[in-house]
Every structure is written in C-alpha cells, then in structure tokens.
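In: kindly generate the corresponding structure for this input.
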Amino acid sequence: MRYETTATRKRGTSRQGAAALLAMLFLVLLATLSVAMYEMGALNLQGARNLSEAGRASQAAESGLRWMAWRFVKMSRPKTTIGNITPAVAAGLWAPIRTSLQSDFATMMTASERTLSGSGTTLTSNAIKLDGDGASFQLTISQHPLSVDDPLDERYVRVTSKGMFDGATRSVSMEFKIDKRSKFAVVGKVPIQLGRNTLVEGPVAMATPNKYPPILCLSDFRNLNNTLKTRIDSFESFLKANHTGYDNRISASNATEWTKATTAGYSDRNGDRFIDEYDLFLGYYDANGDAKITKAEFTNNATGKLYDENLFAAMDSLGGPMFSGDVTRAGYQDDVIDNSDAYAKINGSVVIATSADAWSSNLSSSGSVIQDMLQGPVIPPNTGEIPVKFGATSSDIFDLAPSNFDTSSFRTKTGPQNGTTARAGAVITNAVIATSDSNSGTVDERTPYGSTSYQATYRRPVYRNITFRNCRIPKGINALFDNCTFEGVTYVEMVTNITSGSTTTTSATDGKTWSQRMKSGSFNKSTVLTTTNSKGFDDGNNLRFNNCTLKGPIASDVPTAYTHFGNSWEFTGATLFNNLVDATATIVAPQTNIEMGSFTDPTLAPSTLVGVVVAGNIDIRGTSVVDGSIIVTGDGAGNTTLGWFGSADDATDASAPLPEGGFGRLSVRYNPNRALPDGINIAIDILPVTSTYTE
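Out: Next up, the predicted model:
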C-alpha cells in the first residue's frame, strides 16, 4: 500500500497551480502586447497621417509661392520712365504696385479669394484653395525694410506663403526684386536677320505678327569649306525629317531621335549629350580628337592663316565678364575653342508673335520650311524651357511703341541748356551746330552710303577734324562728319509731328512720303536733295559719321512716324563707339534708321556699344560688340540686319559672296547688370531672387 504524505500532497498541488498561473501570465502578456500593438498601430497611422498632412501643407505653400511669382509676371505692372530703380524709386513704386496687385486679385473667379487686405507696406490674402481636397495657401506680401535692422532695402519684396491642410500648416518665403530691364538681347517690330559670325547671348524677340520671316539665322560653319557644308546640309535635312522643334539639336533624353541620329552616323563629339552642327564643326577641325580646336588646327596650311579669324575670336570671346569684378570664366579668350566657350548661335530663347502654322503657310509657296530659316543651335537658358515660342503676347514682349520713349533727359545735357556755348579753334562746346561751322565744303552722297539699293541722294555740308562737346545737331543739317570726335552727349533734332496732308500720322508709309516732299520738281532717288528743293531735307536729319569717335551717347527727338531715309544716320569707315559718359545707353533714337559698318568690308569700324541701343531700325555690318540690348521700335523697315548679308541695303540673300576681309563678327550680349536710361516708359519687373528661398 502507498501512503500519501502531507509533503507529497503539497508538491502535487503546487505543480497544478503553477500551470494555471503561467497560463494566466501568458494571457495577460498577450493581451498587453495586443493592446500595445494596437496603440502602436494607431500611433503609426496617426503619425503617417500627420506627416501626410504636413507634406500636403508644404506642397500648398510651395504652390502659393510659385503662383505668386507667376502673377508678378502676368499682372499689369506699373510703368516708370526712370531707368535705374534705386531704393527711393522703389519706395515710390509701392503704392502703384499695391494697386496693381489688388486689381489682379480682383479678377479671381472665387469671390472670397479676391481680397488682398492691408495697409502700408504689407498685404495679406484670404485663403486660396488649390483643388477639391481642401488644401489652400495664404499669402503675405511685404516690402522691405521689415525692421530697423533689415539688411534689405525697398527694392525687395518678401512673399510668404502659408500652406494649410486639415489643421497642418507650413510656410515658405522668398525675396523678389523690383527692377527694370529690357530682358532681351535683341527685340524689335520688324524681321530680325542674324548673319554669319553673329552670335547672340540672350533672348531674341520679334513682336509683330504676319511679317516674314520673323527671324532668319545663318549657319556660322557652312562657308568654311565644301566638305563641312555638305555635312551640315545633310544634318539639316535629317533634322527636318526626324526632329521635333526648331532648336536644331538632338538630345540624348529623346531616345528615339538619338538612336536615329547615331544610326545615321552623327555623334556627340563634345560630350554635352546633344548633337548639333557644332559637333560637325568639331569633328572636322579637331585633328587629335581631344574635343578642342586650337589655332594650329584651324589654320589653313596653304595660306598660313586661320580659316576664319573673326569666327574663332567670336566663339572664344563668348561669356565674357559683364561688370567690373565679374569672375572671368575658364577658357575665355585662351586661343582654344572647346566646351568652356559654350558655343550657340542663340544662347537664349526665341520669342515670336506669329504662329508656327502662319509662318509655315507663308513659306509653303517657296518650298521652304521654318527650319530653313533657323540654322544653328538655339539653347534656352533653362532645361526644359521651349527654345522657340510662337504666338507671343504683349505680356511676353514689352510695349515697343515709340511714344513710350522720352529722350528729353539727353537733350538737356547738350547745347546752351548744358552750359555756356564756346567755339575755340577745332573744339565746339555746348553749341547748337550751324552750317557755318562746316569747314570742308559740300559733298553729294547716296544714302545708304555704298549700298546698291540706295534710297536718296543728299548734298551734305562737311565737318572735318572737329571735336564736338555736348553739342546739338539741329534739323535740316544732313551733314557728313569726317574724322570728328563727339564728347559727352550728342543730341539730334528732328521735326516730331509727321503729317499726311494736315493730319498727324504714325504710318511708316506716310513717313516715307513725308521724306520725299519737294519744294520744286518731283522726287527721284538720284535727284540731289538740298534746302532749296526739298521739304524733307529741311525737316529731317540724314547724317553720316565717317572715321569718327563717339565718346558718349547719341540721342534724338522722337517723330510720330518712322521716316526711312528722312531721319537716318550712318556710321562708316573706322567710326568707333567708346562710351565713357553713360553706361546705360549708346544710341537712343526711337524713330531713326541706323546703318553701322560697311557694305564692302565688314571688318571696319570695330566698336563696343554699351547699354541699350534704341533705334527705329538698325543694321550692323561691322565688327562690333553690343554689351546691353538692341531695341527696335520702328515698323517701317524691311528687316533688322545684324551681320553680313550682301551689298544691298534690303538684302536677305543667304548666299551673298564673301566680302573682302571676311564676314567680320558681331557679338550681342544681353547684360542684365546694366540699368536702362531714363525715358523708357515700360513696366517694372518683380523677379524672384531664388537664393533667398527659406522654409
């Protein structure tokens, strides 16, 4: 028999209780873990939602900032004739800026979003919804200084955008600068022609629809040798058949076009992930395959000279310093052509008022296409930006009406208004020049001088070897200035009220008829015009400056209409512009025809035109640099010719023979660091300073 002791009973009871206790502990632990996991899951879900809401609020804030930057560009901004926007000028502009902003917001579709409230220098909007998910942003627009220790002045405006979504808020801000610039290297109202060895650094715009071709660009490389010409012509044919767009470049990001191009035998010689005619140029002259062209490689062994010295110099001089202290780029004028020079025919976007369809329709009868008119690479400033924009509106191009130009500030710096008139030997100061000041008789000349398609013939008084200091040229002089020096400011007077019958006109057709008015006899381009027989002679000013030096700006009155040869200036021979007086402008003559350079030798008259060049029309055939902008306000000329196109004034012949001395070179560079002169009544800009972005 087995006897159970008390100790035995206790041990058995203890084992059964332990199992139950462990089970209960595990149940409690599992329950605790389940609750913890539930809480953790709920917290993670809430955290994810919070992050999502914060991200959506951040996106809304970013959208608000970009939206306001777009409104600043598209809204009707106030105009001013003041060229240099100083802090004091900007302070005075805040009231009209505020009015423009409120007027712009008043056009919003949703009534609650139209309010832009505030006083003084701060405006605040109501919440502006983005879409149907409830995200919105609110804007605060404040002009500096924001406090007594604010380092920024009144030229700067801070935009703060607060994004909101389901209770989450995020804010971003950026400074915008009030400024005034032309924004284009070349802008005009007549077709623009860019010849060989003409390189443009900056945007180009033609503001008049239905004038064709609105822009014509010639290749810089086709005339170097026949083999390269054949390769470039084949490449252009390939582009017409296989490339979408008018930038004349195949991008590696377009796999379809890239494959077709490489299969056709074209390659990216300089490794910039684009194939264009520069690669063909590089492939022909780069003898050692190092993606560089030295002067030795570009030298014709038969002559010992460069194939085109002017082209080499133009390419090697691209991207030069734009202001005192500006860092000189690597490779600048180092006698080597390579990637550091960043060659482009137009290094900027092209903006055209006409549509692509309208231009194509105009070309259809000739059998040409738009690509025939636009040769050479067009490289927009920003990746993804459209190289050639058609159908441009007034908001894309500023108002070029001559009535928006006031030249009176230049006039007051000349003649008796500027100081005591003096005539001392060969120096004339603060004078209104008289015919009696001429010292070399008269000469009969056709105008334009040297052109096979001249428009009129003038009998000119001749002024030779005279220094004119802050002088004014009265209407009806029609002189030849030979080997003269012009110091300070020079101002040219004209009749401003151009009439058709007894009615004031703005028509260029009427302006030409006005120039041809005669006192006796009938007008003929070969008839010598004088004060005796011509009314146009008395009322206009057709001038030629030959072998002259202009050390300051030259400006004119602003007639109501472009008068073709009636108001026309020619700068020939070794005439040199060396502006030592006013960095804002070299020429301000909104209704005057300007002819620069030679019809026979484009290497003559090397000049640097500083600041803006404003003309009714301008042709530059010489070797020159424009460090600023060319603004063409007239609408009566056939075209604006920049570079060599032949010996005729109205030439558009792309196959004109090589002139003596080569094609010359012309570099036009938009320089945003140069202020505009006073008197140009265009809208201000309010542009982002991207380096000031903060979250």
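In: just for the protein, where's the confidence low?
Out: 1-16, 38-50, 598-606, 646-662 (pLDDT under 70).
In: which residues touch the residue most central in space within it?
Out: Centroid-nearest residue in the chain: residue 184, 1.9 Å away (criterion: Cα atoms, centre = their mean). Residue 184 makes contact with 202-205, 351, 397, 629, 631, 670, according to Cβ atoms under 8 Å, 6 or more residues apart in numbering. C-beta here means a position set from N, CA and C on the backbone, and glycine is covered the same way.
In: ok so it is a strand residue?
Out: No. Counting by DSSP: H, G, I helix; E, B strand; the rest coil, residue 184 is located in no strand; its state is coil.
In: shift numbering so it begins at 888
Out: With the count now opening at 888, the last piece we talked about shows up as residue 1071.
In: phi first, then psi, for it.
Out: Main-chain torsions, residue 1071, degrees, to the nearest 10: phi -130, psi 150.
In: what of the one 4 residues further on?
Out: Recorded main-chain torsions at residue 1075 are phi -160, psi 180, according to degrees, to the nearest 10.
In: next up, the contacts around the residue nearest to it when sequence neighbours are not counted.
Out: Excluding the flanking residues, the one nearest residue 1075 by Cβ to Cβ, 6 or more residues apart in numbering is residue 1519, at 3.0 Å. Neighbour list for residue 1519: 1073-1077, 1079, 1287, 1502-1505, 1527 [criterion: Cβ under 8 Å, 6+ apart].
In: roughly how far does residue 1519 sit from residue 1502?
Out: Note on residue 1519: its distance to residue 1502, by Cβ to Cβ, to the nearest Å, is 6 Å.
In: with residue 1440 instead?
Out: 13 Å.
In: hmm, back to that, out of the contacts of residue 1519, which are buried?
Out: 1073-1077, 1079, 1287, 1502-1505, 1527 (16 or more other Cβ atoms under 10 Å).
In: let me know the closest of the residues you listed to residue 1578.
Out: Relative to residue 1578, the closest of those is residue 1074; by Cβ to Cβ it sits at 27.5 Å.
In: wait, doesn't the closest one sit right on residue 1094?
Out: Yes. With contact defined as Cβ atoms under 8 Å, residue 1074 reaches residue 1094; the gap is 6.8 Å.
In: intersection of neighbour lists for these two?
Out: With Cβ under 8 Å, 6+ apart, residue 1074 and residue 1094 have common neighbours 1284, 1287.
In: which stretches in the stretch 1388-1537 of the chain count as helices?
Out: 1395-1402, 1422-1426 (DSSP state H, counting those that start in this stretch).
In: possible to save those as CSV with distance to residue 1368 and mean neighbour count?
Out: Output for the helices of the stretch 1388-1537 of the chain, formatted as CSV (distance: least, Cβ to Cβ, whole Å; neighbours: other Cβ atoms under 10 Å):
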stretch, distance to residue 1368, mean neighbour count
helix 1395-1402, 21, 22
helix 1422-1426, 17, 22
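In: one step back: closest one to residue 1157 out of the buried ones among the contacts of residue 1519, please.
Out: Closest to residue 1157, out of all of the buried ones among the contacts of residue 1519 and judged by Cβ to Cβ, is residue 1073, at 26.4 Å.
In: OK, contacts around the closest one?
Out: 1079, 1087, 1089, 1091-1092, 1516-1517, 1519, 1527, 1529, 1555.
In: roughly how far does it sit from residue 1566?
Out: Counting by Cβ to Cβ - residue 1073 and residue 1566 are separated by 20 Å.
In: quick one: the strands in the stretch 1038-1187 of the chain, in order.
Out: Assigned by DSSP state E, counting those that start in this stretch, the strands in the stretch 1038-1187 of the chain fall at 1043-1052, 1055-1066, 1073-1075, 1079-1081, 1085-1088, 1091-1093, 1102-1104, 1137-1138, 1161-1162, 1180-1181, 1186-1187.
In: of those, which approaches residue 1026 most closely?
Out: strand 1043-1052 (5.6 Å).
In: okay, now the sheet partners of the closest one, with direction.
Out: strand 1023-1030 (antiparallel), strand 1055-1066 (antiparallel) (DSSP bridges).
In: which of the ones you listed sits most buried?
Out: Burial of those is given as mean neighbour count (mean count of other Cβ atoms under 10 Å); strand 1023-1030 ranks first at a mean of 21.
In: who touches both of residue 1440 and residue 1502?
Out: residue 1474.
In: next up, the contacts around the closest residue to residue 970 other than its chain neighbours.
Out: Excluding the flanking residues, the one nearest residue 970 by Cβ to Cβ, 6+ apart is residue 1563, at 3.9 Å. Counting by Cβ under 8 Å, 6+ apart, residue 1563 makes contact with 970-971, 1067-1069, 1471-1472, 1498-1499.
In: let's see it at 7 Å
Out: Contacts were defined as Cβ atoms under 7 Å, 6 or more residues apart in numbering; by that measure residue 1563 touches 970, 1067-1069, 1471, 1499.
In: over to residue 1104?
Out: 1081, 1232, 1261-1263 are the contacts of residue 1104 under Cβ under 7 Å, 6+ apart.
In: can you pick the most crowded of the residues you listed?
Out: Ranked by neighbour count (other Cβ atoms under 10 Å), the contacts of residue 1104 have residue 1081 at the top, with 27 neighbours.
In: distance check, that one against residue 1252.
Out: 24 Å.
In: same question for residue 997.
Out: Distance of residue 997 to residue 1252, computed by Cβ to Cβ: 50 Å.
In: same question, residue 1052
Out: From residue 1052 to residue 1252 the distance is 58 Å (Cβ to Cβ).
In: kindly report the same for residue 956.
Out: Separation of residue 956 from residue 1252 (Cβ to Cβ) stands at 43 Å.
In: which one's more surrounded, these two?
Out: Neighbours per residue (other Cβ under 10 Å) separate residue 956 from residue 1252, with residue 956 holding more: 17 against 7.
In: who touches residue 1268 in this structure?
Out: So residue 1268 contacts 1235-1236 (Cβ under 7 Å, 6+ apart).
In: picking up where we left off before, and the strands of the stretch 1038-1187 of the chain: which comes nearest residue 1021?
Out: When these are compared (using Cβ to Cβ), the closest one is strand 1043-1052, at 6.3 Å.
In: got the contact list for that closest one?
Out: Contacts for strand 1043-1052 (Cβ under 7 Å, 6+ apart): 940, 943-948, 951-952, 955, 1014, 1021-1031, 1033, 1056-1065, 1573.
In: related to what we said a few turns ago, distance to residue 975 added to the contacts of residue 1073, as TSV?
Out: Listed next are these as TSV, based on distance: Cβ to Cβ, whole Å:
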residue	distance to residue 975
1079	37
1087	35
1089	29
1091	34
1092	31
1516	25
1517	30
1519	32
1527	36
1529	37
1555	32
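In: show me which of those is closest to residue 1184.
Out: Nearest member of the contacts of residue 1073 to residue 1184, counting by Cβ to Cβ, is residue 1087, at 25.9 Å.
In: just say helix, strand or coil for the residue nearest to residue 970.
Out: coil.
In: how much does the strand ranked longest in the chain deviate in direction from helix 1395-1402?
Out: In the chain, taking DSSP state E as the definition, the longest strand is strand 1494-1507. Counting by axes from the mean of the first three to the mean of the last three Cα atoms, to 10 degrees, strand 1494-1507 lies at 100 degrees to helix 1395-1402.
In: could you list every helix and strand that strand 1494-1507 packs against?
Out: If you count contacts as 3 or more Cβ pairs under 7 Å, 6 or more residues apart in numbering; DSSP states H and E, strand 1494-1507 packs onto strand 1463-1464, strand 1472-1483, strand 1511-1519, strand 1527-1529.
In: out of those, which is closest to residue 1305?
Out: strand 1472-1483 (16.6 Å).
In: quick one: work out the angle between the closest one and helix 1395-1402.
Out: Using the same axes, to 10 degrees: strand 1472-1483 against helix 1395-1402 is 80 degrees.
In: much appreciated, bye for now.
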